[in-house]
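[1] predicted model and sequence follow; I will ask about them next.
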Amino acid sequence: MTTSSSGVLRATDSTTAVTGLRTGDDSGLVATPYPSPRLSWSLASHRPGVLQHAYEVQVAADPSFEDAVSSGEVASGLVVDHPWPAEPLASREVRYWRVRVRTDAGRTRWSEPARVEAALLTDADWTARPVHLPSDRGRPGPGPVPLLRQEFDLPAAPVSARLYVSSLGVHRTAINGRPVSEDLLEPGWTSYPNRLLYATYDVTGLLAAGRNALSAAVGDGWYRGHLTWHKTRDVYGDTSALLAQLEVTLADGSTVTVATDDSWRGGHGALLTADLYDGCELDLRQEPGGWQEPGFDDRGWERAVPLGLPTGLVQRAHPPVRVVQVLRPEPRTLPDGTITVDAGENLTGWLRLRASGPRGGTVTVRHAEVLDGDGRLLTSILRGARATDVYTLAGETADLEPEFTFHGFRYAEIEASPGVTVEAVEVRVVASDLRRIGTFRCSDERVNSLYANVVRSQRGNFLAVPTDCPQRDERLGWTGDLMAFAPTACATFDSRSFLDSWFTDLAVEQRPDGAVPMVIPDVPLGDPPPSELPFAGTAAGWGDAATVVPTALFDAYGHRGLLSRHYATMRAWVEFTADRLDEDGTWSGNAQLGDWLDPAAPPEDPARATTDSAYVATAFVAHSARLLADTADELGLFEDAERYAALHRRTAEAAWRKWGEHARTTQTGCALALEFGVVPEGERAAVGEALAALVRANGGRIATGFLGTPFVLPALTGTGHTAEAYRLLLNTECPGWLYQVERGATTMWERWDAIRPDGTIDTEKAGTMLSFNHYAYGAVAAWLYRSVAGLRPTTPGYRTFEVAPRPGGGLTSAEASIETPYGTTSVAWSLDGSALTVAVSLPPGTTGSFLAPEGWRTETATGLLGSGDHRLVLRSA
């Protein structure tokens, strides 16, 4: 017991500790971009049934917490997204914060303090300006990568040093020849005219008293390199540039600032070209020795020229792109001397080689996802992307690795000129370094392979932005793909800050009328799809990312502030669609992509689906209206909540009135009707049976495209048709999820039948729209978590959830875990004869409820499950 300041005795909970303090910034950088960070934490305890009832946060200038500012005790059971209780941080300011909570057993001790440092928060903090080489401006195509450098003196060793750095293009920055980080392709891809990210690095250990050198190579990247299948260049500008500001503090309190300005010099070196689609060309003979070190003679180099400060400079708050895995496959040499590499899985990244040979000897590396009928690389489906790296040796052993590019591939071919020996090969897998939080496993290894494919496709396509594919001349942030995949993405990797950043670009690029571009960041795609109807510049299902993605983020992570920040964007999209409803309340007047890549659509016309595209569009209007109504209710905007709930009802009724009979005839039609609340409540059972009958009649084969697939399995289980849901999941004939697995897939395919049953690839009818790494159909993993394993959140952030496993399909066991904001939640079940055993683990601060599957009764009391471990035994009824 402790005594409060008022003399009241208070119980102390010595069994629970506050841990994992965090500020909503997952960047891994030394500073935060938020002047008033949102605060979250976790609880650790071996005591069962722990619940938080209140919290107190203190903020102070030093870890002694003298003169601390306190929030006071705030009643709340949430551990996420709490307000900063003190004055906003100023640029560069450092503060400390700590938390204690009151649980059901009393008040905990204070947590260990967490340090928070502010980045540069205003434009006035920047003395640096982006600098470029005049000779590089307006270059018509890929060319030599600019190298920029500056030397400076420090009178003493630093006690602290911060480097704030970004670029127009992508940069690799070093101090005294040592890289400032392992981050790649910085600063990533954003809506550059509106928002440019920078990073803040602690570089104290890279500096020394005396002469120092700050240097960078700046590649074209997304800023001025090739984009889209038109291979358009200079979308954002016609020159690359470096923005760097180094601030050094010495022991006597004095500071030294080194900033990019017109005193910098630049030249060129070994990197002759570097393009995201085409690859890079590196000639080691042309590398200026020591150019990154102090003492290099750059007097013959060109003087850099400053540009204006970019608009919207803000520090990155999400994880960087990094090498996340290294594979070491065994290369094989063909009779013609070509070295072939099979990485064993489809991935995003590149090869790192060790090679030796004469000066001028060359090594060429080409990449592809699949092989042709002769066992060689099938590169035609890469379209305009050359995906080729070329190295020229300087006459000594060298480690060879491309820069400022990436490739989507499983297979590679290495060609070496006479006299060159390739001594070692490794595959470096590259992605935005998101933390893995979800796992799933079951007794069917085919389903485990499917799940692994989903994980690889998310990893391979979450690179700076969520792309559709990593290999061909596209790699764009298609909104429809992410709409379909967002719930799976948020359960498998910690995608909160990554998708929040992407959605921020969606918000700034949303049209004034509320339309959402097809891709984010928005780049010109060319002519609209052929149709007799006018094209609205967006499409149903694609634009609905505006409501689906924030909802998925809130459901997974519970950050109410994020929901509030994006509400205006959600509402603008719904208003856009409402304004386009016809007199009968349906959206029929615009061209749509519809249930894209429905397996019954002609290969050359993937928008010609079996489900009427106007019905699909209208159903999505209803869906987004309901999501917006729920969001408004959560935010206390009750008039909006009523308005958009009414819009949902009207639109659903209009859709069902016009297309109800048609909807019953397709899997997508039934699934959207059931999951979007389009079908009247009294007809749900009949439509569920209609959907199950369609699955049975089709032999268990899937018949949905991008927009129907995420909803078909939930629609079946939600209407009691678990057997048909498993039949769809476990079907091995084309089209189907396990068909892809049985054809050797290691990532999700763009088309259900990308490889035909006879093993051939139909490049004639399907053209070159054949990606073997497209995550949209990986939306199935959300159902694996929620229905097969039975781990389903019932309140945002998994504070409460339902444990509702649905055994079936011959599975004898399944398990899933998700590292939620409260801690790791897991469910595992196994069948043994007539007994079903379910093990559940809940983190402190959460509660769960158990729902027995149909036909089973529990032998142990269930009711409300508190934190801790539980074992339930059920018998068949």
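    That came through, no problem.
[2] contacting residues for A652?
    619, 622, 676-678 (CB atoms under 8 Å, 6 or more residues apart in numbering). Where C-beta positions appear, they are placed from N, C-alpha and C, glycine not excepted.
[3] hmm, 7 Å instead?
    Contacts for A652 (CB atoms under 7 Å, 6 or more residues apart in numbering) come out as 622, 677-678.
[4] those in helices, which ones?
    Among these, DSSP state H puts A622 in helices.
[5] looking at it, A54 is touching T103, isn't it?
    No - assessed by CB atoms under 7 Å, A54 is found out of contact with T103, at 8.9 Å.
[6] can you pull the buried residues of the lengthiest helix in the chain?
    For the chain, the longest helix by residue count, based on DSSP H, is helix 638-663. For helix 638-663, the neighbour count (16 or more other CB atoms under 10 Å) marks 640-641, 643-645, 647-648, 650-652, 654-656, 658-660, 663 as buried.
[7] for G24, give its distance to P37.
    Distance check for G24 against P37: by CB to CB, to the nearest Å, it reads 6 Å.
[8] all strands of the stretch 351-500 of the chain, in order?
    Assigned strands in the stretch 351-500 of the chain, in chain order: 362-368, 388-392, 398-400, 407-416, 421-432, 438-442, 462-463, 465-466 (criterion: DSSP state E, counting those that start in this stretch).
[9] which stretch among those comes nearest G808?
    With CB to CB as the criterion, G808 lies closest to strand 438-442 of the strands of the stretch 351-500 of the chain, at 10.9 Å.
[10] quick one: which of the contacts of A652 is nearest P310?
    Nearest member of the contacts of A652 to P310, counting by CB to CB, is A622, at 40.8 Å.
[11] next, the contact list for that closest one, please.
    Here A622 is in contact with 648, 651-652, 655, 676-678 (CB under 7 Å, 6+ apart).
[12] give me the distance between S380 and G700.
    33 Å.
[13] and these two? Which one has more around it.
    Legend: neighbour count by other CB atoms under 10 Å for S380 and G700, higher for G700 (17 against 13).
[14] can you confirm the more buried one is in a strand?
    No - assigned with DSSP: H, G, I helix; E, B strand; the rest coil, G700 falls outside any strand and is coil.
[15] surely it is in contact with Y726?
    No - with contacts counted by CB under 7 Å, G700 stays clear of Y726, the gap being 9.0 Å.
[16] to what extent is M483 buried, counted in neighbours?
    28.
[17] I figured it was touching P550, is that so?
    No - in this structure, M483 is not within contact of P550 by CB under 7 Å, at 11.3 Å.
[18] tell me what E117 is bridged to.
    On DSSP bridges, the residues paired with E117 through beta bridges are V94.
[19] ok, it - contacts?
    Counting by CB under 7 Å, 6+ apart, E117 touches 30-32, 94.
[20] now the residues you listed: which count as buried?
    Buried by 16+ other CB under 10 Å: 30-32, out of the contacts of E117.
[21] so which of the residues you listed sit within strands?
    Among the buried ones among the contacts of E117, DSSP state E puts none in strands.
[22] relative to D513, which of those residues is nearest.
    Nearest to D513 among these, counting by CB to CB, is T32 at 34.9 Å.
[23] what's the burial count for the closest residue to the closest one other than its chain neighbours?
    Computed as CB to CB, 6 or more residues apart in numbering, the closest residue to T32 that is not its neighbour in sequence is D25, at 4.5 Å. Residues near D25, counting by other CB under 10 Å, number 20.
[24] helix, strand or coil: sort out D25 for me.
    Following three-state DSSP, D25 is assigned to coil.
[25] what of T746?
    coil.
[26] the one 3 residues further on now?
    Three-state call for W749 (three-state DSSP): coil.
[27] who touches stretch 772-785?
    So stretch 772-785 is in contact with 346, 369-370, 408, 438, 440, 451, 454, 457-458, 460-461, 468-471, 481, 484-485, 487-488, 491-492, 706, 709-710, 713-714, 737, 747-750, 754, 791, 816, 818, going by CB under 7 Å, 6+ apart.
[28] which of the residues you listed fall in helices?
    Among the contacts of stretch 772-785, the members found in helices (DSSP H) are 451, 454, 457-458, 460-461, 481, 484-485, 487-488, 491-492, 709-710, 713-714, 737.
[29] of these, buried ones?
    Buried, going by 16+ other CB under 10 Å: 451, 454, 457-458, 460-461, 481, 484-485, 487-488, 491-492, 709-710, 713-714, 737, out of those.
[30] wait, a helix at P534?
    No - the assignment for P534 (three-state DSSP) gives coil, which keeps it out of a helix.
[31] who touches the closest residue to it other than its chain neighbours in this structure?
    Distances taken as CB to CB, 6+ apart place N590 nearest to P534, at 6.1 Å, with adjacent residues excluded. Contacts for N590 (CB under 7 Å, 6+ apart) come out as 533-536, 580.
[32] out of the residues you listed, grab the one that's most surrounded.
    When neighbours are counted by other CB under 10 Å, A536 leads those with 21 neighbours.
[33] that residue against G514, yeah?
    No - between A536 and G514 there is no contact under CB under 7 Å: 10.4 Å.
[34] quick check, pLDDT for the closest residue in space to L327 that isn't next to it in sequence.
    Nearest residue to L327, sequence neighbours excluded (CB to CB, 6+ apart): V427, at 4.1 Å. According to the prediction, V427 has pLDDT 98.
[35] how near is V427 to E415?
    Taking CB to CB, one finds V427 at 18 Å from E415.
[36] have a look at the two and say which one is more surrounded.
    Each of V427 and E415 has its neighbours counted (other CB under 10 Å); V427 has more, 22 against 16.
[37] now do the helices in the stretch 151-300 of the chain.
    221-224 (DSSP state H, counting those that start in this stretch).
[38] what residue ranges in it score low on pLDDT?
    Applying pLDDT under 70 to the stretch 151-300 of the chain picks out no residues at all.
[39] so which residues of it form strands?
    158-168, 170-175, 178-179, 196-202, 210-219, 241-250, 255-259, 265-268, 271-275, 279-283.
[40] low-confidence regions, the protein specifically.
    By pLDDT under 70, the weakly predicted segments of the chain are 1-10, 529, 532, 765-767, 860-862.
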